[in-house]
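Participant: one predicted model, sequence on top.
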Amino acid sequence: MNEPLNPAPLPGAGLINRLPDSIINKIAAGEVIERPASVLKELVENSLDAGATRLELVLEAGGKNFIQVMDNGSGMSPEDAQLCLERHATSKLRSFDDLETMATMGFRGEALPSIASVSRLELQTRRAQDPEGLRIRLANGEIKDISPVACAEGTRITVRNLFYSTPVRRKFLTSNRNELRHCLVLLRRLALARPDVAFRLISDGEELEDWPAGDDATRVTQIFGDDMPQRLMPVDYRDSGIRITGHVGKVNTFRRSHGDQYLYVNGRAITSRVLNHAVFSAYGHTLERDQVPFFLLFLQVDPQRLDVNVHPTKKEVRFEDEHYFHRSVNLAVLKALSGRNVRNFDLNPGGEGVSPEITVARPVSSTEEGSPGSPDRPTERFPGRERTGGRLVRGEFGVGAAARSFSNQEDLFRAPADSRAVEQGVQEYLGSSAQAVARFHASPPGDAGGSRMEGDRLGRSPFLQLHNTYLFVEVDSGVVIIDQHAAHERVLYERVHTAMHRHNGTSQRLLFPLDLELDNTDQLLFEEVLPMLFDMGFEMEMEEGQVRVTGIPADLGRTHPEGLVADILDQYRIYSSSMPDPLQAMAASVACKAAIKAGQPLSDTEIRSLLDSLFSCQQPFTCPHGRPVVINLGLQELNRRFGRS
């Protein structure tokens, strides 16, 4: 039921109305309550602030229809129970100065009234000294009933029909499975900060998680598996006004997404691009371009050195001295990784390694989060590499050769039957030689006759593989320089993306099937993405949280399937709710993972076939991530640089 504003003003009266409390609460709820996971966060944090050591959480329909949080905390008096449902009523602040020493999760007094304004809420609570508890029922933010009730010590809050009074917002909720996954991710983040608290989660009558209270190592094992502690390095660092503890991942715990990075300041889960950058900088170039490390870091900081009152959900904080905190986290991680001989690499092979003075190279921009070049990752420098030199090969650069030398990938570089759609673009890019452009038309694999055209200079041009990374090819207009990894990435991307849309991916059976263990969060995600994996060419069987991979896409025969599936899940996790076509991100991830790498030597046949396939693509000049594949260095530019007229 929509509530009207104040009556229309009389002629000549002011145009500004005072909003009713019910509408104010709905507006506030829009800032704090976005989905069922937001409700769960606020209720669990209230329970933790109340001193609970055991929490039981019950969800139905991913939390859209039913959320219940039961704790054994201190409970509330009847007076406080009624007062807590009013906006900005809190036990945690008495004056503005208290914000400077705030140690609790909540403090604004907005959560419960905001939740109550967009749901049907019931609160039951009892203190240890009270003979009976109190029950309060609300609908649409209004109290409907207050009555005594027999109940256990602590508090139980039940939320039904979230956003029932704001149907437009309810329409924006996703599937039950996806909302449940968000709740699981949120609960994991909260539970990692409080290993001394037991958590139990029930969804649609089934127990999903049961984490007894323990220590840090126990909680890590409960959430990430028995083998996780062996893949981590402990962190313990002290400096003036700061203590940093936790764990960072060894090399074999690198991920492909930002999902497994956990930062806590004074027990509060936060996000911070500055601190993320500090961690990435410590790893230096042990990270590949698209890798991110696992880390679980707890910072204990003087509350007066930070501001937690920045974001409505309190997930961001502002540090008094960002450089100091960046440097402290960087040194803490470097110290932990020192046993792994991790250091910042430099172009100077005789360098002394890490300098303790770490600086942020440029201001942090919130528009770039998660991108390969984001400030989370240090500015790339290249470690010393063995100089392999160039390999000058004279031969035919043609479309007829097939890439037979890749194991189990006879048609690795097969081209579409009709590649003439890109003729005009190739001709404009490489120059006006129509004969040269004609050479980029695809011929059937092995059709050597179709690759020889009388008078075609491109077919007999020399090519050079430089440092096993770049391909130099002579054309009439000058020279074309091609990044071999980006080129193969483009070829694979278009094949995988097409197969997913046409539902006709071909599969290559694995000699030895691969078994993958999934936790509850990844299992929910996997069920969503499974049809797309079938379309791509995977063959899989799933039963009780275990996935058996029996076949992978034929184009990806040399790729390790375990890492490939993990990458796909990571990409879908990141982009499923933010991109209109998450298949694009998944295909790009698969292509990047499976493509030949920089520094990988290629045979003459492989080079010819790669070039053939590249210029049969719809968009041959950029990789799926937007980096250039081809650079054309014109003869006129060369003449100009060498001072020729």
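Facilitator: Happy to help now that I have it.

Participant: pull up the gap between Ala37 and Ile568, please.
Facilitator: Counting by Cβ to Cβ, to the nearest Å, the gap from Ala37 to Ile568 is 23 Å. Bear in mind the C-beta positions are built from the backbone N, C-alpha and C, glycine included.

Participant: who has more neighbours, the two?
Facilitator: Set side by side, Ala37 and Ile568 show more neighbours around Ile568, with 24 against 21, by other Cβ atoms under 10 Å.

Participant: checking that one next. Helix, strand or coil?
Facilitator: Here Ile568 is recorded as helix under DSSP: H, G, I helix; E, B strand; the rest coil.

Participant: I'd guessed it sits against Cys592; true?
Facilitator: No. Counting by Cβ atoms under 8 Å, Ile568 does not reach Cys592; the two are 11.3 Å apart.

Participant: tell me what whichever strand in the chain runs longest is packed against?
Facilitator: Taking DSSP state E as the criterion, the chain has its longest strand at strand 507-517. With contacts taken as 3 or more Cβ pairs under 8 Å, 6 or more residues apart in numbering; DSSP states H and E, strand 507-517 sits against strand 546-553, helix 561-575.

Participant: export the ones you listed to TSV and tack on distance to Ser165 and mean pLDDT?
Facilitator: Output for these, formatted as TSV (distance: least, Cβ to Cβ, whole Å; pLDDT from 0 to 100):
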stretch	distance to Ser165	mean pLDDT
strand 546-553	41	85
helix 561-575	31	75
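
Participant: hmm, back to that, list of residues touching the longest strand of the chain?
Facilitator: Applying Cβ atoms under 8 Å, 6 or more residues apart in numbering, the contact partners of strand 507-517 are 225, 408, 537-539, 545-554, 556-557, 561-562, 565.

Participant: so, low pLDDT: which residues of the stretch 151-300 of the chain?
Facilitator: 251-252, 255-259, 285, 289-290 (pLDDT under 70).

Participant: residue boundaries of the strands in it?
Facilitator: Secondary structure of the stretch 151-300 of the chain by DSSP state E, counting those that start in this stretch: the strands cover 154-160, 198-203, 206-211, 232-239, 242-249, 261-265, 268-270, 295-301.

Participant: equivalent analysis for the stretch 451-600 of the chain, please.
Facilitator: With DSSP E, counting those that start in this stretch as the criterion, the stretch 451-600 of the chain has strands at 463-466, 470-475, 478-483, 507-517, 539-543, 546-553.

Participant: domain assignment for the chain?
Facilitator: 21-216, 227-368, 390-487+599-641, 497-594 (automatic domain parsing).

Participant: buried stuff in the longest strand of the chain?
Facilitator: Residues Leu516 are the ones in strand 507-517 that count as buried (16 or more other Cβ atoms under 10 Å).

Participant: right, and Pro303 touches Asn266 too?
Facilitator: Yes. The pair Pro303 / Asn266 is scored as a contact, 6.5 Å apart, by Cβ under 8 Å.

Participant: neighbour count winner among these two?
Facilitator: Asn266 (19 against 16).

Participant: so what's that one up against?
Facilitator: Listed by Cβ under 8 Å, 6+ apart, the contact partners of Asn266 are 103, 299-301, 303.

Participant: how close does it sit to Arg305?
Facilitator: Taking Cβ to Cβ, one finds Asn266 at 10 Å from Arg305.

Participant: what does Gln508 give?
Facilitator: 56 Å.

Participant: near Arg177, how many other residues are there?
Facilitator: 14.

Participant: what pLDDT does the closest residue to it other than its chain neighbours get?
Facilitator: In this structure, Arg177 finds its nearest non-sequential neighbour in Leu524, 5.1 Å apart by Cβ to Cβ, 6 or more residues apart in numbering. Leu524 is assigned a pLDDT of 83 by the prediction.

Participant: can you flag the weakest of the domains of the chain by average pLDDT?
Facilitator: Among those, domain 390-487+599-641 carries the lowest mean pLDDT, a mean of 62.

Participant: kindly export stretch 40-49 (C-alpha atoms) in PDB.
Facilitator: In PDB, the C-alpha atoms belonging to stretch 40-49 read as follows (Å, rounded to 0.1, in the frame of the first residue of the first chain):
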ATOM      1  CA  LEU A  40      21.500 -10.900   6.800                       C
ATOM      2  CA  LYS A  41      24.500  -8.700   7.300                       C
ATOM      3  CA  GLU A  42      22.700  -6.200   9.500                       C
ATOM      4  CA  LEU A  43      21.100  -8.800  11.600                       C
ATOM      5  CA  VAL A  44      24.200 -10.900  12.100                       C
ATOM      6  CA  GLU A  45      26.300  -7.800  13.000                       C
ATOM      7  CA  ASN A  46      23.700  -6.800  15.600                       C
ATOM      8  CA  SER A  47      23.900 -10.300  17.100                       C
ATOM      9  CA  LEU A  48      27.700 -10.100  17.200                       C
ATOM     10  CA  ASP A  49      27.500  -6.700  18.900                       C
END
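
Participant: thinking again about what came up before, if any of the contacts of Asn266 are buried, give me the PyMOL selection for them.
Facilitator: A single PyMOL command is used to select the members of those judged buried by 16+ other Cβ under 10 Å:
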select buried, resi 299+301+303
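
Participant: possible to save the contacts of Asn266 as CSV with distance to Arg243?
Facilitator: Converted to CSV, the contacts of Asn266 look like this (distance: Cβ to Cβ, whole Å):
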residue, distance to Arg243
Ala103, 15
Leu299, 7
Gln300, 4
Val301, 8
Pro303, 13
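
Participant: pull the most distant pair out of the contacts of Asn266.
Facilitator: Greatest spacing in those, by Cβ to Cβ: Ala103 and Leu299 (13.6 Å).

Participant: number of residues surrounding Tyr127?
Facilitator: I think there's a mix-up here, since residue 127 is Arg and not Tyr. Neighbourhood size, Arg127 [other Cβ under 10 Å]: 18.

Participant: what's the spacing between it and Phe163?
Facilitator: Relative to Phe163, Arg127 is positioned 32 Å away (Cβ to Cβ).

Participant: and what of Val529?
Facilitator: On the measure of Cβ to Cβ, Val529 and Phe163 end up 27 Å apart.

Participant: how about Arg35?
Facilitator: On the measure of Cβ to Cβ, Arg35 and Phe163 end up 9 Å apart.

Participant: give me the common contacts of those two.
Facilitator: Leu173.

Participant: what helix or strand does Gly643 sit in?
Facilitator: Per DSSP states H and E, Gly643 falls between elements, in no helix or strand.

Participant: and for it, the neighbour number?
Facilitator: For Gly643, the count of nearby residues is 6 (other Cβ under 10 Å).

Participant: got the end-to-end distance for stretch 470-486?
Facilitator: 10 Å (Cα to Cα, to the nearest Å).

Participant: buried stuff in that stretch?
Facilitator: 470-475, 477-486.

Participant: pretty sure Asp196 sits against Thr53.
Facilitator: Yes. Contact criterion Cβ under 8 Å: Asp196 and Thr53 qualify, at 6.9 Å.
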